[in-house]
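Trainee: Let me see the structure of the following:
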Amino acid sequence: MSPSVLGMTKELVLAQIQSGTLLPEDMQEALGRIYQNLMTLKSREEAERPVPAADTPRVLVDWRTSITRHTITCLECGRTFKQLSYRHLRQHDLDARSYRAKFGIPETQPLSARATAAKRRRIAAEVRPWEKSPMYLKAQQAKAATDKKSRRKKATRKG
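Mentor: Model prediction:
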């Protein structure tokens, strides 16, 4: 909660008295002057404050137009990127799942430019990182063992 104007005035005057820049005899005049200045600043600030977003209807944006070949536009702030990172979405108190849900984007749609997504798919197809995972290697060993057993059974049936 923000401090009241009167509380801020009191703190400012006390700080001036403690620092020696204001004599205690001049306190009454300083209180009135500082209070008046703070009230003026507060009224200016309130006059410049924009209308809350809840009062203005939100324009529905088609998420497909935000994704182009080389950029993706954040539908929250309008900035463009090659991909919407977790770090950027946190600035809007969102994550990828909630961002997609908020704007009706399918879960399978990458939050990156088309060229960036294509490059990642191409690299993944070349590197094939799933083949290096322990689960994949274990499954391949199990498959090789069952293939070996089935070849033995076929050989014994023929012979």
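Trainee: okay, now the domains of this structure?
Mentor: The record's domain parsing of the chain by automatic domain parsing lists 5-48, 62-146.
Trainee: ok, residues contacting stretch 80-91?
Mentor: Taking Cβ atoms under 8 Å, 6 or more residues apart in numbering as the criterion, the residues outside stretch 80-91 that touch it are 70-74, 77, 79, 95-96, 99, 110-113, 116. From N, CA and C alone the C-beta is placed, and that goes for glycine too.
Trainee: In strands, which of those appear?
Mentor: With strands defined by DSSP state E, the entries of the contacts of stretch 80-91 inside them are 72-73.
Trainee: Of the contacts of stretch 80-91, select the buried ones using a PyMOL command.
Mentor: For selection in PyMOL, the members of those meeting the burial criterion (16 or more other Cβ atoms under 10 Å) are listed in this command:
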select buried, resi 71+72+73+74+99+110+111+112+113+116
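Trainee: so of the contacts of stretch 80-91, which ones are in helices?
Mentor: In this view, the contacts of stretch 80-91 that belong to helices under DSSP state H are 96, 99, 116.
Trainee: Can I get these in a markdown table including distance to Gln18 and pLDDT?
Mentor: Listed next are these as a markdown table, based on distance: Cβ to Cβ, whole Å; pLDDT from 0 to 100:
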| residue | distance to Gln18 | pLDDT |
| --- | --- | --- |
| Ala96 | 52 | 92 |
| Tyr99 | 50 | 93 |
| Thr116 | 58 | 93 |
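Trainee: quick check: longest helix of this protein.
Mentor: Here the longest helix in the chain is taken by residue count, with DSSP H as the criterion, and it is helix 134-158.
Trainee: lowest-confidence stretch among the domains of the chain?
Mentor: When those are ranked by mean pLDDT, domain 5-48 comes last with a mean of 84.
Trainee: Figure out which of the domains of the chain is closest to Arg157.
Mentor: Closest to Arg157 of those is domain 62-146 (Cβ to Cβ; 16.6 Å).
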